[in-house]
Structures are given as C-alpha cells and as structure tokens.
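A.B. asks: I would like the atomic coordinates for the input below:
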Amino acid sequence: MVDSIGIAHNHMHRGGVMNNEAWGKPRDRQRWPGPHGNGLWTQEIYYHLLNCGLRLPPSAGSASGVLPNPVGYNRLYVRVEGELTYEKWFDRFRSGQVFVSNGPLLRCQANRELPGHVFKAAAGEQIPLRIEAMLDSRDPVATVEIIKNGHLERSVPVASLNFRESSATSRSRKAAGSWSGPSPKRQRHFASPPPGRLRRSRINRAPDQQRVRPVLS
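C.D. replies: Down below sits the predicted model:
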C-alpha cells in the first residue's frame, strides 16, 4: 500500500470539470473561481501537507464507469528501471519517482536527477538547480511554473522559451533553465484546452533532506 494524494482526480473529466468539492471542504471561490478552481484548491491542500513535512507522492484517478471518463484519463506515471514488476512499481511510487497528468507529458530532471531524488546539503548551503524539461501536448500550453514551498516561484510563458530541437514530434519541446535556492521546488504546467476543462501535469520533486522543516502556510 502507498499513502498518496490524488491531485488529478475524478472531478477532472475529459469533457469538462465537476465544479464543486462534493463531500470535501468547500474552496474559497474568491481565490479559486471558475472551472480551474477545484484543481487549484486540490493542489493548495497538497502543498500544505508537504509544508508540514509529510512526503506524500501525488497520484491520479479517473473513476471510469462512475463518472464520464475513459480508463486512464487522469493517470500516474512511475519510473521503473529494468524489468517491470509489481514490487518495483510500488516501491518507486512510494519514493516519489512519479508524475501525474490528464493530457500533457512533462518530463523533468533537476541536475540530471529524476523526480523523487533527495538533494543533501550542509546547513546554510545552497544548491544551484538546473532544471531541464521536455513537454509533449496536444493542447496549446500557456506556462510552465516553478513552485516553492507551495507558492509560485516563477511562471515561464512557453512562448518565451528557447526550445531546442524536437526529438519526437512537432508538439514535443525541450527547454532548460537554472535556479538557485535552499527550498523544495516542483514543476507543473497548464494546457489551454477548450473552455470549461482543466488539463495539466505535475512533477514531484523531493526537497533537500538536510533542510526539511515544517513551514506554516
């Protein structure tokens, strides 16, 4: 078993969004209005848990057969080297070597390390991070965002990135950038599908182990 938080969940449908919190805590609709609000509120809750020091991996679910989603619409990707086995898949999931999506594919590395890696440093030391990303999407993509301690650190318009040569299709793009700082960073991006839908992907990035402290937020 793996404890995780479903951030691409069954309120996100292929044809729209269930724009309420059902049996969950209602969101502040002044802060999170419109069809994207439920998804952003879900992320906010997840970031609060991470800031408390709870290293829970993200996950996804579609409720296919109950809600209007095909199997695998909201999905979880786990990195497994070598032979794929049930035990290795869950072990990598548990360690956070994952990303979730309901459309676009966002693959990132930080200093050539995959999601779930823990950076270690002495107290007061900063670790420069070079983040490299490859993105495939059928929908137009507006921004790639860097999240720090649950808050937006940087929003990068995709149109402004200096893409390297695509290795797959015309919709595949590569970009790289450098950031330096002591705090956990995570990457997410939002596609621009037809109105009333939310499509995004999110990469799990573990923090520096020597500096993990609860953060009030």
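
A.B. asks: from here on, just use CA atoms for contacts and neighbour counts.
C.D. replies: Fine.

A.B. asks: please report how far Glu21 lies from Arg29.
C.D. replies: According to Cα to Cα, to the nearest Å, Glu21 and Arg29 sit 11 Å apart.

A.B. asks: sorry, that was for Phe90
C.D. replies: 36 Å.

A.B. asks: low-confidence bits of the protein, can you list those?
C.D. replies: Along the chain, the model assigns pLDDT under 70 to residues 161-217.

A.B. asks: buried ones in the lengthiest helix in it?
C.D. replies: In the chain, taking DSSP state H as the definition, the longest helix is helix 37-51. Buried residues in helix 37-51, counted by 16 or more other Cα atoms under 10 Å: 37-44, 46-51.

A.B. asks: TSV for the residues you listed, including distance to Ile146?
C.D. replies: Listed next are the buried residues of helix 37-51 as TSV, based on distance: Cα to Cα, whole Å:
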residue	distance to Ile146
Gly37	19
Asn38	20
Gly39	17
Leu40	15
Trp41	17
Thr42	17
Gln43	13
Glu44	14
Tyr46	15
Tyr47	13
His48	16
Leu49	18
Leu50	15
Asn51	16
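
A.B. asks: circling back to that earlier point, which of Phe90 and Arg29 has more residues huddled nearby?
C.D. replies: Taking neighbours as other Cα atoms under 10 Å, Phe90 and Arg29 compare with Phe90 leading, 15 against 12.

A.B. asks: can you pull out the strands in the chain?
C.D. replies: Using DSSP state E, the strands of the chain run over 5-8, 12-13, 16-17, 58-60, 75-78, 98-101, 105-110, 127-136, 141-148, 151-157, 172-181, 185-191, 200-203.

A.B. asks: who does the fifth one pair up with?
C.D. replies: The reference is to strand 75-78. In the sheet, strand 75-78 lines up against strand 98-101 (antiparallel) (DSSP bridges).

A.B. asks: ok, now how distant is the residue lying closest to Ser62 once chain neighbours are set aside from Leu106?
C.D. replies: Leaving aside its sequence neighbours, Ser62 sits nearest to Asn10 (Cα to Cα, 6 or more residues apart in numbering; 4.7 Å). Distance check for Asn10 against Leu106: by Cα to Cα, it reads 20 Å.

A.B. asks: compare these two (neighbour count), which wins?
C.D. replies: When Asn10 and Leu106 are compared for neighbours, Leu106 comes out ahead with 24 against 21, by other Cα under 10 Å.

A.B. asks: in the sheet, who's paired with the more buried one?
C.D. replies: Beta-bridge partners recorded for Leu106 (DSSP bridges): Leu135.

A.B. asks: Ala159: what's its closest spatial neighbour, skipping adjacent residues?
C.D. replies: Ala142 (7.5 Å).

A.B. asks: redo the strands of the chain as JSON lines? Include distance to Pro33.
C.D. replies: As requested, these are arranged in JSON lines below (distance: least, Cα to Cα, whole Å):
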{"stretch": "strand 5-8", "distance to Pro33": "18"}
{"stretch": "strand 12-13", "distance to Pro33": "15"}
{"stretch": "strand 16-17", "distance to Pro33": "13"}
{"stretch": "strand 58-60", "distance to Pro33": "22"}
{"stretch": "strand 75-78", "distance to Pro33": "25"}
{"stretch": "strand 98-101", "distance to Pro33": "22"}
{"stretch": "strand 105-110", "distance to Pro33": "26"}
{"stretch": "strand 127-136", "distance to Pro33": "27"}
{"stretch": "strand 141-148", "distance to Pro33": "19"}
{"stretch": "strand 151-157", "distance to Pro33": "18"}
{"stretch": "strand 172-181", "distance to Pro33": "31"}
{"stretch": "strand 185-191", "distance to Pro33": "16"}
{"stretch": "strand 200-203", "distance to Pro33": "17"}
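
A.B. asks: I am finished for the moment; much appreciated.
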